[in-house]
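J.: got a sequence here, can you build the structure:
(one chain, ligands or ions: 1)
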Amino acid sequence: MEIGSDGIPGVALTSKLDLALGWGRKYSLFLYPFVTACCGMEYMSVACAHYDIDRFGAGLPRFSPRQSDLLFVVGTISHKITPVVQIVYEQMTEPKWVVAFGACASAGGPYDNYATVQGVDTIIPVDVYIPGCPPRPETVLDGLIKLQQKIQTRKIEL
Ligand code: SF4
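T.: Numbering: from 1, shown residues only. From the prediction side, this is the model:
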């Protein structure tokens, strides 16, 4: 018997069930685009048919956090909007993941000032960081593939 990351006693399964669930989860991502600034233009490019994000199982954005398991933080995050980001994150379904999209979401970008959060990981956990100001769509897809690899190797805890 082991203690899970949520503090609940459970058993870590290291079996083909892990592989099957990981495979299913990584190809059924329901992303919530939290868009605040200019990186949103590049998010729209990624979401268009030319880049076919649907082949990664992430082609169906949700605009309710309760129907989402992947939060894309796209753009500059100000301290004023921090509580909103945290509430959205808390309302998402488990298991859930977060991607910091672009330099601002990852580390504050060019805005090293009193009003800007210097990386969304200072307010919620982040799984993957996508560099760029803004990132090219290919870079975003690369980040998505890295997230899928992380999801695939996640151990299931009961
Ligand atoms: S990283 Fe660059 S393009 Fe993206 S929101 Fe910040 S300033 Fe705009």
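J.: what residues sit buried inside stretch 108-122?
T.: Gly108, Gly109, Tyr111, Thr116, Val117, Gly119, Val120, Asp121 (16 or more other C-beta atoms under 10 Å). The C-beta positions use only the backbone N, C-alpha and C, and glycine is treated the same way.
J.: ignore the last one, stretch 20-28
T.: Across stretch 20-28, burial judged by 16+ other C-beta under 10 Å covers Leu21, Gly22, Arg25, Lys26.
J.: thinking again about what came up before, identify the farthest-apart pair in the buried residues of stretch 108-122.
T.: Pairwise distances among those were taken by C-beta to C-beta; the largest, 15.9 Å, belongs to Tyr111 and Asp121.
J.: next one, pLDDT for the residue nearest the centre of the chain please.
T.: Most central in the chain under C-alpha atoms, centre = their mean is Val98, positioned 2.4 Å from the mean C-alpha point. Model confidence at Val98, expressed as pLDDT, equals 98.
J.: contacts for the helix ranked longest in the chain, please.
T.: Ordering each helix of the chain by length in residues (DSSP state H) puts helix 137-152 first. Counting contacts by C-beta atoms under 8 Å, 6 or more residues apart in numbering, the residues outside helix 137-152 that touch it are 19, 22-23, 25-27, 29, 42-43, 45-46, 51, 53, 56, 58, 70, 97, 99, 101, 127-132, 135.
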